[in-house]
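Enquirer: Sharing a model that was predicted from the sequence below.
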Amino acid sequence: MAEGRRGKKDSVTASDSLLTDIEPLIEKAVTAAMNVLREEFAKRLDEHQERISELEKAMEHIEQRLSAAEAGVDSVRQQSVGDDAAAGSDVQSNEQLQAVKDEARQFMIIANDNEQHNRMNNLRIRGITVERGVNCRNSITEFIRSKLHIHISPEDLEAAHPLPSKSSTELTAATRQQQEPTVIVRFWRREQRDDILRNRRLLKGTPFTISEDLTSLNLKTLNRLRNNQQVEKTWSWNGRLYALLTTGRRILVKPFQTIEQCLAQL
């Protein structure tokens, strides 16, 4: 009987020993798998950002061509003053240009909306520098915990990496603020991203700012609104652009819309 108990005990001891040997291997395999997944997500995010940059360049090229065409029509109009036939031709050319311009802008708005939708889980954190060789996801997690008092773990972030800085010659007035070191963060859950946006007021008076990851066209639209004397305040939420007018009215603004057009839709 004692031998039976001893045999059972030896069997349990052997099983415990086997588990002890296997657990580190399992943990190592899981860690390696997680690292592979993280690298894959970061790679896909980089590819996505590259495609977005190409689209933004194409949209800017269209805008430049439209501006050049408008300048050409204005030149023809000035040269044809007093000539009825030329004036009629100018009106027809102007109508054709406007039709092309409206169609191009409609395409740009559709592409812009799709691009903004793909950024809905993203945030941009400006003013934070991540040293080379340091895990960016861990740095952002610690920043959010200490500055915003939100409990978060690195696993809550799908990806995080610093954006490459641009030279001063590449920057326009609309993107001048991007000279600051910027980290783009993508969350698994939009609710968590929104919680962080709500708590960003705690950063007031610090060198850090947090904003939505807006497209180039949406960012230009906000900057245009800020420079308008009728606008007191601008902001964005879930990719939508808002402005508070000096009259106290709040409007939703889309790219290429004037304030008068926005008011007419109210």
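Expert: Structure's in. What do you need? All values reported here derive from a predicted model rather than from experimental measurement. Residues are numbered from 1 along each chain as shown.
Enquirer: what does the average pLDDT come to for the helix or strand Ala243 falls within?
Expert: Per DSSP states H and E: Ala243 is located in strand 240-245. Averaging pLDDT along strand 240-245 gives 95.
Enquirer: Stretch 198-211 too?
Expert: Mean predicted lDDT for stretch 198-211 stands at 94.
Enquirer: Contacts for that stretch, please.
Expert: Contact partners of stretch 198-211, identified using C-beta atoms under 8 Å, 6 or more residues apart in numbering, comprise 123-128, 143, 147-150, 196-197, 236. All C-beta spots, glycine's among them, are computed from the backbone N, C-alpha and C.
Enquirer: Mind checking which of these are in strands?
Expert: 123-126, 236 (DSSP state E).
Enquirer: Pull out the buried residues from stretch 193-207.
Expert: 193, 196-197, 200, 203 (16 or more other C-beta atoms under 10 Å).
Enquirer: and it, C-alpha only, in PDB?
Expert: Taking C-alpha atoms only, stretch 193-207 is exported to PDB below (Å, rounded to 0.1, in the frame of the first residue of the first chain):
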ATOM      1  CA  ARG A 193      -8.500  56.900 -27.200                       C
ATOM      2  CA  ASP A 194     -11.500  59.200 -26.400                       C
ATOM      3  CA  ASP A 195     -10.800  58.900 -22.600                       C
ATOM      4  CA  ILE A 196      -7.300  60.200 -23.300                       C
ATOM      5  CA  LEU A 197      -8.600  63.100 -25.400                       C
ATOM      6  CA  ARG A 198     -11.000  64.100 -22.600                       C
ATOM      7  CA  ASN A 199      -8.100  64.200 -20.100                       C
ATOM      8  CA  ARG A 200      -5.700  66.200 -22.200                       C
ATOM      9  CA  ARG A 201      -6.800  69.300 -20.400                       C
ATOM     10  CA  LEU A 202      -4.400  68.100 -17.700                       C
ATOM     11  CA  LEU A 203      -1.600  69.000 -20.000                       C
ATOM     12  CA  LYS A 204      -2.400  72.700 -20.000                       C
ATOM     13  CA  GLY A 205       0.700  74.700 -19.100                       C
ATOM     14  CA  THR A 206       3.000  71.800 -20.100                       C
ATOM     15  CA  PRO A 207       5.100  71.500 -23.300                       C
END
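Enquirer: Mind giving me the packing neighbours of the strand holding Ala243?
Expert: Contacts defined by 3 or more C-beta pairs under 8 Å, 6 or more residues apart in numbering; DSSP states H and E place strand 240-245 against helix 216-226, strand 231-237, strand 250-253, helix 259-264.
Enquirer: repeat that for 7 Å
Expert: helix 216-226, strand 231-237, strand 250-253 (3 or more C-beta pairs under 7 Å, 6 or more residues apart in numbering; DSSP states H and E).
Enquirer: Tell me which strands that strand pairs with, and in which orientation.
Expert: strand 231-237 (antiparallel), strand 250-253 (antiparallel) (DSSP bridges).
Enquirer: Can you tell me which of those strands is most buried?
Expert: Mean neighbours per residue, mean count of other C-beta atoms under 10 Å, is largest over the strands paired with strand 240-245 for strand 250-253, with a mean of 16.
Enquirer: Just the CA trace of that strand, in CSV.
Expert: Extracted C-alpha coordinates of strand 250-253, given in CSV (Å, rounded to 0.1, in the frame of the first residue of the first chain):
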residue,chain,number,x,y,z
ARG,A,250,-21.3,76.8,-33.6
ILE,A,251,-20.8,75.3,-37.0
LEU,A,252,-19.7,72.1,-38.6
VAL,A,253,-17.1,72.8,-41.3
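Enquirer: What are the contacting residues of it?
Expert: With contact meaning C-beta atoms under 7 Å, 6 or more residues apart in numbering, strand 250-253 is reached by 221, 225, 240-245, 259, 262-263.
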